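Trainee: Give me a model of this one.
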Amino acid sequence: MSNIENNTLSQINLLAERMNGTIIGQELVVRRIIACLLADGNMLLEGLPGLAKTRAINSLAKFMDLGLSRVQFTPDLLPSDVTGTEIYQPGGEEAFVFQKGPIFNNLILADEINRAPAKVQAALLEAMQERQVTVAGTTHQLPAPFFVMATQNPIEQEGTYPLPEAQMDRFLLHVNVEYPSPEDELKVLRLVRSESAPRNKEKVEKIDPQVIADARAQINEVQVAENIEKYIVDIITATRQPEKYDEDLARWIEVGASPRATIGLENMGRVNAWMEGRDYVTVEDIRAVAHDVLRHRISLSYEANADRKSGNDIVDLLLRKVAVS
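Mentor: Numbers count the residues shown, from 1 in each chain. Alright, predicted model coming up:
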């Protein structure tokens, strides 16, 4: 890579270092958040309460000069509470004026997204896919960069509305947040204690958002060899025709992944390669991101649930059964 490219990568590494300093023991989550932002995608973050999901995107906004909106999804939330609405203003030049909702920001935290009904979840679809919002027949462009991080609790399902497949497919990544190790939890304890201690707050030197555009331009130049392209397509094909690869896959997969998964796997492979300092994609890059790209895009059968198989188990088996040509 050239000096300019190295400087861009060093800025991204600095961002990751700063975020990891405030989110202890979640290095993979931090890496995926940054990678998803660089890939111009959206992320679904799933984990138990208290695992720093909200803190993660707050940290991203803190260290970059980007706006952040948090939307707490509840059963009584309306689509207009997210997108905005037209307000009547008598006496003005225009009778109706569009008042922007919280979606008009760079970073959007859709907290506990599965607690709102489908019509509110659907309000995010156009924004996530088209980077625009249409209200009363008028289309409004969203700011760039634009990144939605939605969260949900994997165990508390009472009073929730499961996300439909179309909504799930809009998320480039589905990342699971795990408990920190005892050593990391000790560091968390000390970090929180130090943050609550009275002291002068240090001014945070923010990273220029232009680095995102620069990184994206370089990522677009990362090369993907023909055999890697075929490997990506073979993995996705195996989710649609599992009987050709393995008997258990055929029993456990009900519906395979869409072409959006193919595109996502290639995009994330290029991002992963760039973050590793390479201008070409390897098989290891594809395998490194496969679980987060595919686990939410494969519909499991009744037999899979009966056998207590998860999306991770299916992707593990796919990576074992699909060979590199």
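Trainee: In the stretch 51-200 of the chain, what residue spans correspond to helices?
Mentor: Using DSSP state H, counting those that start in this stretch, the helices found in the stretch 51-200 of the chain span residues 53-63, 79-83, 118-130, 165-169, 182-196.
Trainee: T138: which of those helices is closest?
Mentor: Taking CB to CB, helix 79-83 is the member of the helices of the stretch 51-200 of the chain nearest to T138, at 11.4 Å. For every residue, glycine as well, the C-beta is placed using N, CA and C.
Trainee: about what we covered before: so for R260, which of the helices of the stretch 51-200 of the chain sits nearest?
Mentor: Of all the helices of the stretch 51-200 of the chain, helix 165-169 comes closest under CB to CB, at 5.4 Å.
Trainee: in the closest one, what's buried?
Mentor: By neighbour count with 16 or more other CB atoms under 10 Å, helix 165-169 contains the buried residues Q167, D169.
Trainee: list the contacts for T85?
Mentor: F98, Q99, G101, V135 (CB atoms under 8 Å, 6 or more residues apart in numbering).
Trainee: List the beta-bridge partners for it.
Mentor: With beta bridges defined as DSSP bridges, T85 has these partners: Q99.
Trainee: quick revisit: closest one to A110 out of the contacts of T85, please.
Mentor: For the contacts of T85, the nearest to A110 is G101 (12.3 Å; CB to CB).
Trainee: tell me the contacts of the spatially most central residue of the chain?
Mentor: Ranked by distance to the mean C-alpha position of the chain (CA atoms, centre = their mean), the top residue is M43 at 1.6 Å. The contact partners of M43, by CB under 8 Å, 6+ apart, come to R32, I33, C36, F147, V148, M149, A150, F171, L172, L173, H174, V175.
Trainee: what element comes up after the longest helix along the chain heading to the C-terminus?
Mentor: Longest helix of the chain, by residue count under DSSP state H: helix 3-22. Using DSSP states H and E, the helix or strand that follows helix 3-22 in sequence is helix 27-38.
Trainee: contacts for that following helix?
Mentor: 12, 15-16, 19-20, 23, 42-43, 45, 52, 56-57, 60, 145, 147, 149, 172-173, 175, 177, 212, 215-216, 219, 268, 271-272, 274-275, 289, 292.
Trainee: Report the distance from the next helix or strand after it to the chain centre.
Mentor: Once the chain leaves helix 27-38, the next helix or strand it forms, by DSSP H and E, is strand 43-46. Averaging C-alpha positions (CA atoms, centre = their mean, to the nearest Å) puts strand 43-46 6 Å from its chain's average.
Trainee: who's I207 bridged to?
Mentor: M64.
Trainee: My read is that it contacts L15, right?
Mentor: Yes. If you go by CB atoms under 8 Å, I207 and L15 touch, sitting 5.4 Å apart.
Trainee: Please identify which of these two sits among more neighbours.
Mentor: The neighbour count for I207 versus L15, taken as other CB atoms under 10 Å, is higher for L15 (22 against 17).
Trainee: Identify each of the strands in the stretch 101-250 of the chain and give its residue range.
Mentor: In the stretch 101-250 of the chain, the strands defined using DSSP state E, counting those that start in this stretch lie at 107-111, 132-135, 138-141, 147-152, 173-176.
Trainee: List just the nearest of the contacts of M43 to E86.
Mentor: Nearest to E86 among these: V148, at 23.2 Å, using CB to CB.
Trainee: quick one on the thing from earlier: overlap in contacts, I207 and L15.
Mentor: F63, M64.
Trainee: Please pick the buried ones from the contacts of helix 27-38.
Mentor: 12, 15-16, 19-20, 23, 42-43, 45, 52, 56-57, 60, 145, 147, 149, 172-173, 175, 177, 212, 215-216, 219, 268, 271-272, 274-275, 289, 292.
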